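Participant: Predicted model, plus sequence, below.
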Amino acid sequence: MSRAKKVAVLPGDGIGPEIVEQAVRVLHQVEKKFGCSLEFSYGMIGGGAIDRAGTPLPDETLQLCKQCDAVLLGAVGGPAWDHYPPEIRPEKALLQLRKELGLFSNLRPVMQFDGLESSSALRPEVIKDVDLVVVRELTGGIYFGEKTRINTPDGEVASDLLIYHEYEVERIVRQAFEIAEKRRKKVTSVDKANVLESSRLWRKVAEKVSQEYPDVTLEHMLVDNCAMQIVQRPSTFDVLVTENMFGDILSDEAAVLSGSIGLLPSASLGRGTFGLYEPVHGSAPDIAGQGVANPAATLLSAAMMLRYSFGYHEAANAVEEAVKQVIAKGFRTPDLIKEGQIKMAVDTEEFGALVIK
Ligand code: NAI
Ligand code: MG
């Protein structure tokens with residue numbers, strides 16, 4: 001059997017420790033059921049790390065992540081640290097970690113859960129069969145380009161540079177194709193090539209990379225049209241790949257298709273199979289410590305880790321299927337219960353136990 005896969009576990013702040021605990025329990029069950037071996041090492045990050053070590057990302061945490069095969073993260077931040085200066089805010093740790101680990105791609109899958117159709121803002125017939133992944137470029141583009149701000153006689157002038165190197169586009173587009181090959185074999189590359197030069201480069205590179213994946217279909221779509229199509233015919237998408245800012249906006253838009261923020265996982269990947277896995281939501285200070293947070297997003301993030309970093313596809317499917325079944329059977333953490341609905345209310349720990357069962 002292959003050597004143990006090393007997982008750096010960073011529970012973080014707020015509900016982070018509660019939801020991560022359930023993910024680790026489920027992963028222990030995966031070890032038993034699928035005969036694989038995982039090794040967990042814990043590190044501190046975020047507000048708790050500021051309190052104990054004076055910095056949101058202690059060097060030992062960074063080193064730990066670099067020595068592991070994957071990182072499982074809860075969430076960081078909370079009101080206790082809101083008044084801290086930007087350099088030592090909890091959120092700073094995430095940006096630094098992504099950068100230090102070269103995680104240039106952010107994957108957000110959006111799927112449909114049986115039994116939750118009525119939780120979405122969209123009509124059930126529209127969101128039926130939704131199963132898509134947004135692949136967002138994470139370390140380039142307008143968020144990282146040069147920024148200027150000057151005073152002129154006519155008032156202030158500000159600029160943000162949207163810049164992409166061919167290699168940056170190539171590696172993210174290739175990742176999208178790799179993912180599409182294991183799914184429904186369709187890539188939608190989203191750009192604004194009718195206006196932006198960087199988008200024209202993006203399109204050219206996408207065409208070039210697509211030659212290497214003859215069984216995957218490539219379509220190009222302008223971002224404004226895509227914003228409309230995501231809510232009009234979401235089930236026709238498989239893998240969407242796009243630059244940093246477009247991806248930021250489209251992935252939040254796509255998130256409404258599922259229903260609750262407590263259900264949405266994410267993966268951040270770089271070269272090779274190393275990845276960082278975390279729920280899309282934050283530390284939810286309003287419900288922290290009550291044991292009622294929905295652990296589903298974190299469990300689904302752990303499933304993504306099994307799939308993308310470890311290649312344990314069967315185990316990943318099993319975890320996803322178990323989460324879906326628990327929800328389909330009517331078990332709900334409070335965030336999924338609408339007023340007037342009669343459902344079987346469970347807490348964080350009970351949800352984890354049902355998934356394990
Ligand atoms: P949030 O996602 O933490 O919470 C928004 C709302 O969703 C809250 O009402 C919360 O109770 C609910 N919610 C979130 N996750 C849930 C779950 N698993 N189960 C049930 N309900 C859940 O966003 P918010 O309130 O804007 O931010 C809170 C803190 O988290 C801030 O300090 C923020 O900076 C930080 N944050 C951290 C992120 C990260 O670590 N990746 C991402 C987003 C926010
Ligand atoms: Mg965003």
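Facilitator: Ah, there it is. Ligands and ions are numbered 1, 2, ... in the order given.
Participant: Which positions in the protein make contact with ligand 1?
Facilitator: For the chain, the residues in contact with ligand 1 under the definition C-beta under 6 Å from any ligand atom are 15, 19, 75-78, 91, 94, 261-262, 278, 281-287, 293-294, 297, 335. For the C-beta atoms, the positions are set from N, CA and C on the backbone; glycine is no exception.
Participant: ok, now how distant is the residue in the stretch 251-357 of the chain that ligand 1 sits nearest to from L95?
Facilitator: Proximity of the stretch 251-357 of the chain to ligand 1 (C-beta to the nearest ligand atom) peaks at G282, 2.4 Å away. As for G282, its distance to L95 is 14 Å (criterion: C-beta to C-beta, to the nearest Å).
Participant: How are the helices of the stretch 201-350 of the chain distributed by residue range?
Facilitator: Read by DSSP state H, counting those that start in this stretch, the stretch 201-350 of the chain holds these helices, from start to end of the chain: 223-232, 244-255, 296-304, 313-328, 348-356.
Participant: Go ahead and name everything in contact with the longest one.
Facilitator: When you say that, I think you mean helix 313-328. Counting by C-beta atoms under 8 Å, 6 or more residues apart in numbering, helix 313-328 makes contact with 26, 30, 33-34, 36, 113-116, 182, 296, 299-300, 302-304, 306-307, 336, 351, 354-356, all of which sit outside it.
Participant: how far is that helix from where the chain is centred?
Facilitator: Averaged C-alpha coordinates place helix 313-328 at 17 Å from its chain's average position (C-alpha atoms, centre = their mean, to the nearest Å).
Participant: what mean pLDDT would you report for stretch 281-294?
Facilitator: With pLDDT averaged residue by residue, stretch 281-294 scores 96.
Participant: Taking the centroid of this structure, which residue is nearest it?
Facilitator: Ranked by distance to the mean C-alpha position of the chain (C-alpha atoms, centre = their mean), the top residue is S266 at 1.7 Å.
Participant: That residue reaches R108, doesn't it?
Facilitator: Yes. Proximity of S266 to R108 meets the contact threshold set by C-beta atoms under 8 Å, at 5.0 Å.
Participant: Next, show the common contact partners of those two.
Facilitator: With contacts taken as C-beta under 8 Å, 6+ apart, the residues that reach both S266 and R108 are V280.
Participant: Pull the residues that contact whichever helix or strand L107 is part of.
Facilitator: Element membership of L107, judged by DSSP states H and E, is strand 105-111. Outside strand 105-111, the residues that touch it by C-beta under 8 Å, 6+ apart are 130-138, 171-172, 175, 179, 234, 247, 251, 254-255, 257-258, 264-270, 280, 300, 304, 308.
Participant: Out of those residues, name the ones that lie in strands.
Facilitator: Here DSSP state E is the test, and those give 131-137, 265-269 as lying in strands.
Participant: Compare G282 and L95 and say which one has the larger neighbour count.
Facilitator: The neighbour count for G282 versus L95, taken as other C-beta atoms under 10 Å, is higher for G282 (19 against 15).
Participant: So what pairs up with the closest residue in space to the more buried one that isn't next to it in sequence in the strands?
Facilitator: Among residues not flanking G282 along the chain, A75 sits closest, at 5.0 Å (C-beta to C-beta, 6 or more residues apart in numbering). In this structure, A75 has the following beta-bridge partners (DSSP bridges): G12.
Participant: List the contacts of A75.
Facilitator: Counting by C-beta under 8 Å, 6+ apart, A75 touches 12-16, 19, 46, 278-279, 281-284.
Participant: and if we set it to 7 Å?
Facilitator: By C-beta atoms under 7 Å, 6 or more residues apart in numbering, the contact list for A75 reads 12-16, 279, 281-283.
Participant: before we move on, back to that, just the buried members of the contacts of strand 105-111?
Facilitator: When those are checked for burial by 16 or more other C-beta atoms under 10 Å, the buried set is 130, 132-138, 171-172, 175, 179, 234, 247, 251, 254-255, 257-258, 264-270, 280, 300, 304, 308.
Participant: Distance check, F40 against ligand 1.
Facilitator: Distance check for F40 against ligand 1: by C-beta to the nearest ligand atom, to the nearest Å, it reads 20 Å.
Participant: next one: H83
Facilitator: Counting by C-beta to the nearest ligand atom - H83 and ligand 1 are separated by 12 Å.
Participant: and if you look at N151?
Facilitator: Distance of N151 to ligand 1, given as C-beta to the nearest ligand atom: 32 Å.
Participant: burial measure for that residue, as a count.
Facilitator: When counting by other C-beta under 10 Å, one arrives at 8 neighbours for N151.
Participant: Quickly list what it is bridged to.
Facilitator: Assessed by DSSP bridges, N151 has beta-bridge partners E156.
Participant: quick one: secondary structure of the one residue in the stretch 1-150 of the chain that gets nearest to ligand 1?
Facilitator: Using C-beta to the nearest ligand atom, the single residue of the stretch 1-150 of the chain nearest to ligand 1 is G77, 2.6 Å away. Secondary structure assignment for G77 (DSSP: H, G, I helix; E, B strand; the rest coil): coil.
Participant: count of neighbours near the nearest residue to it once chain neighbours are set aside?
Facilitator: Residue nearest to G77 in three dimensions, not counting chain neighbours: P90, with 4.3 Å by C-beta to C-beta, 6+ apart. In terms of burial, P90 registers 27 neighbours under the definition other C-beta under 10 Å.
Participant: Okay then, goodbye and thanks.
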